[in-house]
Structures are given as structure tokens and as C-alpha cells.
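> give me a model of this one.
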Amino acid sequence: MGIHCLLISTNQVTVPYPVYPLGIAHLVGALQAGGHTATHVDLMAHGGLAALGEQVANASPDLVGLSLRNLDMVDSTVPDTFLAEFAAVMEVVRGGCAAPVVLGGPAFSLMPEEIRERLGAEYGIAGEGESLLPWLADRVAEGAPPPPCVLTGPPAPDPWRGVVYDRTAAAYYLRRGGMLNIQTKRGCPFGCDYCSYPHLEGHGLRLRAPEAVAEEVARVSRELGARYIFFTDAVFNDPAGHYLEVAEALVRAGNRTPWCAFFRPSNLTSEAIALMKRAGLAAMELGSDAATDETLAGLHKGFDFAEVIATNEAARKAAVPCAHFLIFGGPGEDEATLREGLRNVERLAETVVFAFAGIRILPHTAIHRRALAEGVVGRDQSLLTPAYYFSPAIDPMRLDATVRAAWANHVDRIYPCSAVQGRIDYLHAQGYVGPLWDLMHPQRVVR
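Sure thing, here's the model as predicted:
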């Protein structure tokens, strides 16, 4: 006999726009397939912490799951941690029921033992939960739960076999941008110094059938009213070309729902962009990450700035809006590269640029190993408290002042990233859909 699980999405971050908690939709489907029932409570969509106590008590769950999406804003200009918010959720859960608590999500999986101990949960799942959470629910149902621990296991063989969206939560996000999220693959084959995706999802790619992706786009558009899709892959344009097969499947399905994804600005041809545009591509978010060849090499990006410019030009000619995400202050940055980088950014025509200062140091990344070697952080230092890597050749305060001054009068150059929130909230309130940064460029025509 199955048990009832209460899954709580704790995320309350809305920068640059609110994002549906797709991971929980996967877990609800996996639990239901395993013979259990599951209720999804989203703090942003279902009344926040004030309503949570009554929701927990009314649910009478046998197992409670907390999804921890972000440790913090990964932004040195907003260095707050969310641990206090997580602890507040735990306190409300403990006050509302006696069920064991299992922690999960990408933030948890970065430092699972430390976070479980800090929050006092019985269990944690490090990595993917589509197989492990139903297994834990089975053990609880049998009256033989394992001793308190962090569970780890191989990736789920088919994490897309059932994705169940909560209609109330979906309606909340659709009112704030019209977007829902879909995944076409897991894993990341690249080796960017700062990135934790290979640790979380693996270096190898696990690909979802293109026809299944197209069917999912049609389903969430038809059944839930999604007016825009964001593909949440670590990088959409994989080297094997699966992304083009997805685009072809969308074309064959006659897709009319616009979509966006996160791209690597390398090896993207005009033909590929044209195909994706026919499939519904409405905007591209580009992980350009640095603005000079030297700093790109410092991050081990595997492309140069000429490719960034070429990608931007190809998208511009196809009338596909682009946003570039950059980091100033990474390995190799100094006063000369900073000035060169700011000049290079101005070569990116008709685009929006978001910039961060410094790199949030996360475990299992090359930047953490570099920070240890350079004495930026200690070997016993907890990374739950945000720590940032800056090149020793650049002063962080001078970098901050330089970027702010250079972009002070540019509506399409965003630094710090938190500065964009008010504008996007306003546009969503007016009924516009999508990520909306594409409306910030003065040469763009409002949709």
C-alpha cells in the first residue's frame, strides 16, 4: 500500500523571472508511478510560509520532501544565503506533522551531509530523485525506513516517463510571464571552471526522445495554457546535434508555442538558428561568460570572443533576440582585460547583456580547486556561506565601480543583475510573456 508524500518547493527567487519547480513535477510523476500519492506545495504559489503550517497539518503526510533549488543568489552584490529560510520551513513542517523529512534539489546535492545536519532532516537525496524517492517511500510504507542518512544512487534511467504539473502552481507562474519549463536532456559534456552541472547531472548526455519533447510542449500548452516554454537543459545546443532533432520534431508537430533556452555561443550556424526559429525559437540566452579571449581561456570555455560575436550576429540577422551572461573578475582578469572586455561588449549589437562580478565558489568545481590552491578559501571552510573568487590581479571594489560607471546609462547592459527585477515585474504585470529581457533593448520592437 502506498503512502502520501508532501513535496514542498522552497524557492522564492524571482530574478530574472519566476521559474516553475520542474524537478518536483518529475518527482510527483515518479511517486504516482510507484503507487504513492503526492501533493505539491509551492511557497510562492500557495500562500508562502504563513499558509504552510495549515497545509502540512491538513495533508497529514507520511513523508515530507523539501526541494532546495538555490543556496543563494550566486551574486557577489547580493551575498545573502537562504539557509535561514530553509530552517524556517523546517520549523513549520516539524510543528505541523511528525513525518520524516527528506531534503533534495540541486542546492542540497552540492553539500548534502552539511545541509542535512544543519537543518536536522532525517534523510537527503543527493542527485536525482526519480528512483530514490519512490524507493524511500516504499520503505516507509513497509514500516522499515532506513536509518537517517543521505541516499545516493545512479541517475534515473528514464526521468521523463511521467511529469505531473500542479495546476494551481502552474497558473501562478503563467500569470507571471506565461512560461512553463521542459527538459530535453540531462548532463553537460563541457568543463567550465565555475559550473556544478557536470557534478549534478553527469558529464554524459542522456537524451529525451525528440517526439516526446514535442508532445510535452503541445500538452502543457493545450492543458495548462502555457504561452511560452523555457527548455531547462544545462546547454541546449549539444555537440551531438540532438537539439536540432528536437527542433525538427517541433516543426513536424506544427508547434506554435514560442520558446527560449540556454545556449553555448559556439558552432551555432545560421542554418541551425533558422531551423530553430521555424520550430518556435523566440529568444536565446547565451552563456558567453567572459568578454576577452584571455578570460574565456581562464574559465576553460573552449571558444573565443570572435565566436561570441559571430553567434550574436547570426541571431541578429535571423531577428532572434539574444541575452549574453558574463562574469567579470574571473581567472586572468586584470585592469587591461576589464577595459578590453567592456569595449568588446559594445561590439555585440542589438542585444542585452547581464553581468556578474566574481564567481560564487561551489564544491566539485575547478574554481573551488583554484581557490584552495590560491588560498582564497580554506580546506575546512564551509561554502554554505557564500564565498567568491576574484582574480588576484583585479580589485573587486574597483571592478564594481568600473562596470557600474560604464553601463550607467545603458538600459540593455544590466549590472548588477538584481537591478532588472522591477522592470520585468512591470512587464509581466502588463501581460507580456517570456523572459522579457528582449524588450529592454531600445531597437527591439515590443511583441
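
> ok, Met397 to Val403 distance?
11 Å (CB to CB, to the nearest Å). The way it works is simple: take the backbone N, C-alpha and C, and place the C-beta from them, glycine included.

> looking only at neighbour counts, state which of those two leads.
Neighbour totals were compared for Met397 and Val403, and Val403 leads with 23 against 9 (other CB atoms under 10 Å).

> doesn't Ile327 make contact with that one?
No. Contact between Val403 and Ile327 fails when scored by CB atoms under 8 Å: they sit 11.1 Å apart.

> hey, what's in contact with both of these two?
355, 357 (CB atoms under 8 Å, 6 or more residues apart in numbering).

> tally of neighbours for Val320?
18.

> any idea which element it lies in?
Val320 belongs to no helix or strand when elements are defined using DSSP states H and E.

> next up, the contacts around it.
273, 276-277, 281-284.

> try it again at 7 Å.
Applying CB atoms under 7 Å, 6 or more residues apart in numbering to Val320 gives the contacts 273, 277, 281, 283-284.

> distance-wise, check it relative to Val352.
Relative to Val352, Val320 is positioned 13 Å away (CB to CB).

> what do the two both touch?
Listed contacts common to Val320 and Val352 are nil; contacts here mean CB under 7 Å, 6+ apart.

> returning to what we had before: farthest-separated two in the contacts of Val320?
Taking CB to CB, the two most distant members of the contacts of Val320 are Ile273 and Ala283; they sit 11.7 Å apart.

> residue contacts, the most centrally placed residue in the chain?
Geometric centre of the chain, nearest residue: Thr232, 6.9 Å, by CA atoms, centre = their mean. Applying CB under 7 Å, 6+ apart to Thr232 gives the contacts 22, 181, 183.

> using JSON lines, lay out the residues you listed together with neighbour count and secondary structure.
Formatted as JSON lines, those follow (neighbours: other CB atoms under 10 Å; DSSP: H, G, I helix; E, B strand; the rest coil):
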{"residue": "Leu22", "neighbour count": "17", "secondary structure": "helix"}
{"residue": "Asn181", "neighbour count": "19", "secondary structure": "strand"}
{"residue": "Gln183", "neighbour count": "20", "secondary structure": "coil"}
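
> just put the residues you listed in JSON lines and tack on distance to Glu313.
Putting those into JSON lines (distance: CB to CB, whole Å) gives the following:
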{"residue": "Leu22", "distance to Glu313": "32"}
{"residue": "Asn181", "distance to Glu313": "29"}
{"residue": "Gln183", "distance to Glu313": "29"}
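
> could you dump those to TSV with distance to Arg369 and pLDDT?
Supplementary listing: the contacts of Thr232 in TSV, determined by distance: CB to CB, whole Å; pLDDT from 0 to 100:
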residue	distance to Arg369	pLDDT
Leu22	30	97
Asn181	31	96
Gln183	29	97
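
> and the helix or strand in which Arg222 is found, what does it pack onto?
Using DSSP H and E, Arg222 maps to helix 210-224. Under the contact criterion of 3 or more CB pairs under 7 Å, 6 or more residues apart in numbering; DSSP states H and E, helix 210-224 touches strand 179-182, helix 242-252.

> which residues sit against the first one?
Contact partners of strand 179-182, identified using CB under 7 Å, 6+ apart, comprise 19-20, 22, 170, 173, 213, 216-217, 220, 224, 226, 228-232, 433-434.

> list buried residues within the residues you listed.
Among the contacts of strand 179-182, those classed as buried by 16 or more other CB atoms under 10 Å are 19-20, 22, 170, 173, 213, 216-217, 220, 224, 226, 228-232, 433-434.

> nearest to Pro157, of the helices and strands packed on helix 210-224?
Per CB to CB, nearest to Pro157 of those: helix 242-252, 17.5 Å.

> and the helices in the stretch 251-400 of the chain, which stretches?
For the stretch 251-400 of the chain, the helices defined by DSSP state H, counting those that start in this stretch cover 270-278, 293-298, 305-317, 335-345, 366-373, 396-406.

> cool, thanks, talk later.
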